[in-house]
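S.K.: need a 3D model of the sequence below.
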Amino acid sequence: MSQVATIALTAGLATALTITACATSEQSGRTQAPLELQNPAAARPWQRYADWPKTDWTAFNTLRVDASPPPSKPPAIALPVQGDAQNGMKLAFDRGRGGGCVACHVLGSRTASQPGNVGPDLSEIGAQRADDWLLAYAWDPRTVNPASFMPPWGTHGLYNPDEVRDIVAFLKTLKTPYRFKDSNEDPATRKKDEDTRDNLDPIVNPAMFERDKGEALFSRAGPKGVSCATCHAEPAKLFRAWAASMPRWEPRLNKVLGIEEFITRHTRATTGAEWPMQASENFAMAIYLKHLANGQPINIDVSSAGARAANERGKQLMARRIGQLNFACFDCHLADRGANKWIRGQWLTEQKGQVGHHPYYRTSRGEIWDLRKRMQWCGVAIRANELPPDAPEYGDLELALTAINNGNKLNVPGIGH
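M.R.: Below is the predicted model:
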């Protein structure tokens, strides 16, 4: 046999074996899909995105590490508090300092534009509370109210003692109810924007072009000479509902496996392509596979022991306070806390309805983001160091959050600010 014929025969046998392996895995259930199990699915060492804040918040909790200091009482400051009320107002309205008090509160007639209402209206706080209470609450509210989710401004170093004193001096001047002249400035009457865009219109949503890119990648041969289409010749039929069942517990990895990590590990094991999480090819393929399942109700299975445990860990992580601002997912997204209210000019949504559109086109960034990248940004926004996107903690959160959304229908790719 000639060398050319031998090469052709070897390639043909390899392709046949690959197809047989794929067919066997499909027949034996999706959990047997070939996966590369040894290497990280995302870049290592992990480095935060180049255009994100670079501050290192190692001194504060992450989803994985306990580091934040415990609640503390304010340093000795003479009572009654004497400070620079004008400077205190400037600090309270400074959105560059952890969002400032105005992010969550109305603070009298001089309130800065677009205040939030996650916290109570403080327009009369100076007539309602004594100096020692104001000082303790402004320094670390947990020493007064352990259930408070206001940041511990002093304990976590967002304001120094002199600045806290000045803020208290300003709060003492607030003694008169305030009525907004503009209903759009009043967080109690402000109307939230309703997004009526057709997210599946490529003229409106650039992420639809990523769907087309994913479809092309599906048929592109990888280094092993085969493509996704080699084993899955009818993707529209085979994947009509698959994405609606993801993420899932994967015993071989001993963690939750989402679609984006599945793409990385499955293509490594089959086509040989290297599409790490949050690479452009990974986003495109995730959008394509989820788009095939559009209209299907989310149906996350948490019945196995591993999935049940991951779901519980995910719920616990939702309650975990992290970062210099000391927020938890629940603080912004539970109805009895921050959800359905304003934080600055941003409307906070409940957990239900948050996941069916990922990956999505984020207009404020001009980028495609998947759910894991959104979770990373939530952490960085509250000044907590993020984890790599393939971190087990994000998997647990994704499983728990997606299970909450069971019954909601997929509509991918989304578009939003």
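
S.K.: need the nearest residue in space to the residue nearest the centre of the chain, chain neighbours excluded.
M.R.: Centroid-nearest residue in the chain: residue 375, 2.0 Å away (criterion: C-alpha atoms, centre = their mean). Leaving out its chain neighbours, the residue that sits closest to residue 375 by C-beta to C-beta, 6 or more residues apart in numbering is residue 394, at 5.4 Å. C-betas here are computed from N, CA, C, even on glycine.

S.K.: secondary structure element holding the one you found?
M.R.: Secondary-structure assignment from DSSP states H and E places residue 394 in helix 392-404.

S.K.: what's that helix packed up against?
M.R.: Other helices and strands packing on helix 392-404, by 3 or more C-beta pairs under 8 Å, 6 or more residues apart in numbering; DSSP states H and E, are strand 255-257, helix 305-318, helix 371-381.

S.K.: buried ones in the last one?
M.R.: Right, the one you point to is helix 371-381. Taking 16 or more other C-beta atoms under 10 Å as the neighbour-count basis, helix 371-381 is seen to contain the buried residues 371, 372, 373, 374, 375, 376, 377, 378, 379, 380.

S.K.: by contact count, what packs against that helix?
M.R.: Other helices and strands packing on helix 371-381, by 3+ C-beta pairs under 8 Å, 6+ apart, are helix 392-404.

S.K.: which residues in the chain form helices?
M.R.: With helices called from DSSP state H, the chain shows them at 3-27, 85-92, 131-139, 161-171, 207-218, 228-231, 235-238, 259-270, 280-292, 305-318, 329-333, 371-381, 392-404.

S.K.: for residue 185, give me its contacts.
M.R.: The neighbours of residue 185, taking C-beta atoms under 8 Å, 6 or more residues apart in numbering as the test, are 113, 114, 115.

S.K.: near residue 336, how many other residues are there?
M.R.: The number of residues packed near residue 336 is 7, by other C-beta atoms under 10 Å.

S.K.: now do residue 75
M.R.: A count of nearby residues for residue 75, using other C-beta under 10 Å, gives 13.

S.K.: quick check, it in contact with residue 161.
M.R.: Yes. Residue 75 sits in contact with residue 161 when judged by C-beta atoms under 8 Å, with a separation of 4.9 Å.

S.K.: what's the pLDDT at the nearest residue to residue 252 once chain neighbours are set aside?
M.R.: Closest residue to residue 252 in three dimensions, ignoring its sequence neighbours and counting by C-beta to C-beta, 6+ apart: residue 37, at 5.7 Å. Model confidence at residue 37, given as pLDDT, is 98.

S.K.: count of residues packed around residue 37?
M.R.: 12.

S.K.: cool, and residue 234?
M.R.: As a burial measure, the neighbour count of residue 234 was computed by other C-beta under 10 Å and equals 9.

S.K.: what about it, distance to residue 293?
M.R.: Residue 234 is 14 Å from residue 293, where distance means C-beta to C-beta, to the nearest Å.

S.K.: flag the shaky bits of the protein, pLDDT-wise.
M.R.: Under the criterion of pLDDT under 70, the regions of the chain flagged as low confidence span 1-31.

S.K.: so the helix holding residue 394 versus helix 305-318, what angle?
M.R.: The directions of helix 392-404 and helix 305-318 differ by 100 degrees, with axes from the mean of the first three to the mean of the last three C-alpha atoms, to 10 degrees as the criterion.

S.K.: next, the angle helix 371-381 makes with helix 392-404.
M.R.: Per the same axes, to 10 degrees, the angle that helix 392-404 makes with helix 371-381 is 110 degrees.

S.K.: and the angle for helix 392-404 with helix 259-270?
M.R.: With the same axes, to 10 degrees defining the directions, helix 392-404 sits at 120 degrees from helix 259-270.

S.K.: need the contact partners of helix 392-404.
M.R.: Contacts with helix 392-404, where a contact means C-beta under 8 Å, 6+ apart, come from 63-64, 246-249, 255-258, 261, 298, 300, 302, 307, 310-315, 317-318, 329, 351-352, 354-355, 371-372, 375-376, 387.
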